[in-house]
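Asker: Take a look and give me a structure for this.
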Amino acid sequence: MTAWIYTKYVDFMKGLFIDFGEWIKLSWQDFVDEFKLNFIEGDRWEWLVEGFGNTLLITLLAGLIGIALGVIIAIVRSTYDKMGPDLKKRGGIGYGLLKFFNSICNIYLTVIRGTPVVVQLLIMYFIIFASSTNDIMVAVIAFGINSGAYVAEIFRSGIMSVDKGQFEAGRSLGLNYIQTMIYIVVPQMFKIVLPTLCNEFIVLLKETSVAGYVGTVDLTKAGDLIRGRTFSAFMPLIAVALIYLVVVMIFTALVRKLERRLRNSDH
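Answerer: Numbers count the residues shown, from 1 in each chain. Next up, the predicted model:
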């Protein structure tokens, strides 16, 4: 009786392992077939490469536009906060101009930060640049203007955190306000806000995933094009998600390394 039970147990385990092995073999074959269908046939992997390149290009150029806008707006707003009361007491056209530009900056920040980036992108493409056929350029401008609103607040907080003694030191060296900002305050501000600025760049990278709304073949759009051709959603969309994840992890690691170096330089 014991031998019979043992024999049945051995037969059961053999059958179990054989069935499991067959399942693994079939699953692997299905994976290979899906991979070939989505990426190898028709050289569809080239769409992902093209989309990834466009995503990095849009992110880089939009980031540069955002930094340029952010610096200008931050200087205007911080100047109004720091010098507005004194200029108001003196009167004259200087205070009026500063107040006007500060109001323009506030309107810009309110509108851009108060509306979705997708809507801004669609307005840029279908209204403002309706005659343009360069969808990448439109996407760069739209994301750059959007990023500038957030970068401006990052820079403004950095400028406001610089000690007032730095302004006084610049004045004591014979520098005017603009020269003090350019040569003394702004370099210190960049060091203060650099980690936050890098995190904003990561956010911008992920935000560009909606560029496909205006026909731009970015990384997300490339995955969607593959899905439309193969009618298989899992493989191309997971591939897109993994590429974004790897890139963000790399940038995050670089930001953490940068933060450590900045902390060490302060000691």
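Asker: count of neighbours near the residue lying closest to T208 once chain neighbours are set aside?
Answerer: Leaving out its chain neighbours, the residue that sits closest to T208 by CB to CB, 6 or more residues apart in numbering is I58, at 5.0 Å. Heads up, the C-betas are built off the backbone N, CA and C, glycines and all. Using other CB atoms under 10 Å, I58 has 25 neighbouring residues.
Asker: do the one 5 residues further on as well
Answerer: The local packing count at G63 equals 22, with neighbours defined by other CB under 10 Å.
Asker: what about the residue nearest to T208, distance to P236?
Answerer: Note on I58: its distance to P236, by CB to CB, to the nearest Å, is 20 Å.
Asker: ok, now W47?
Answerer: On the measure of CB to CB, W47 and P236 end up 9 Å apart.
Asker: List the residues that contact M181.
Answerer: Taking CB atoms under 8 Å, 6 or more residues apart in numbering, we find M181 in contact with 75, 79, 159.
Asker: quick one: pLDDT of I75?
Answerer: Looking at I75, its pLDDT stands at 88.
Asker: And it, which helix or strand is it part of?
Answerer: Under the criterion of DSSP states H and E, I75 resides in helix 45-90.
Asker: Helix or strand next in line after that helix, which one?
Answerer: Past helix 45-90, the next helix or strand by DSSP H and E is helix 93-114.
Asker: Show me what counts as buried in that next one.
Answerer: 95, 98, 101-102, 105, 108-109, 112 (16 or more other CB atoms under 10 Å).
Asker: Next one: the nearest residue to E207 once chain neighbours are set aside from A253, what distance?
Answerer: Setting aside the residues directly before and after it, E207 is nearest to V117 in space (CB to CB, 6+ apart), at 5.7 Å. Using CB to CB, we find V117 at a distance of 26 Å from A253.
Asker: And D218, how close does it get to Q179?
Answerer: In terms of CB to CB, D218 sits 41 Å off from Q179.
Asker: Helices of the protein, start to end?
Answerer: With helices called from DSSP state H, the chain shows them at 2-35, 45-90, 93-114, 117-123, 135-161, 164-172, 177-180, 186-207, 219-230, 234-266.
Asker: Serialize these to JSON lines and add fields for distance to Y213.
Answerer: Formatted as JSON lines, the helices of the chain follow (distance: least, CB to CB, whole Å):
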{"stretch": "helix 2-35", "distance to Y213": "28"}
{"stretch": "helix 45-90", "distance to Y213": "13"}
{"stretch": "helix 93-114", "distance to Y213": "17"}
{"stretch": "helix 117-123", "distance to Y213": "6"}
{"stretch": "helix 135-161", "distance to Y213": "9"}
{"stretch": "helix 164-172", "distance to Y213": "44"}
{"stretch": "helix 177-180", "distance to Y213": "40"}
{"stretch": "helix 186-207", "distance to Y213": "12"}
{"stretch": "helix 219-230", "distance to Y213": "9"}
{"stretch": "helix 234-266", "distance to Y213": "16"}
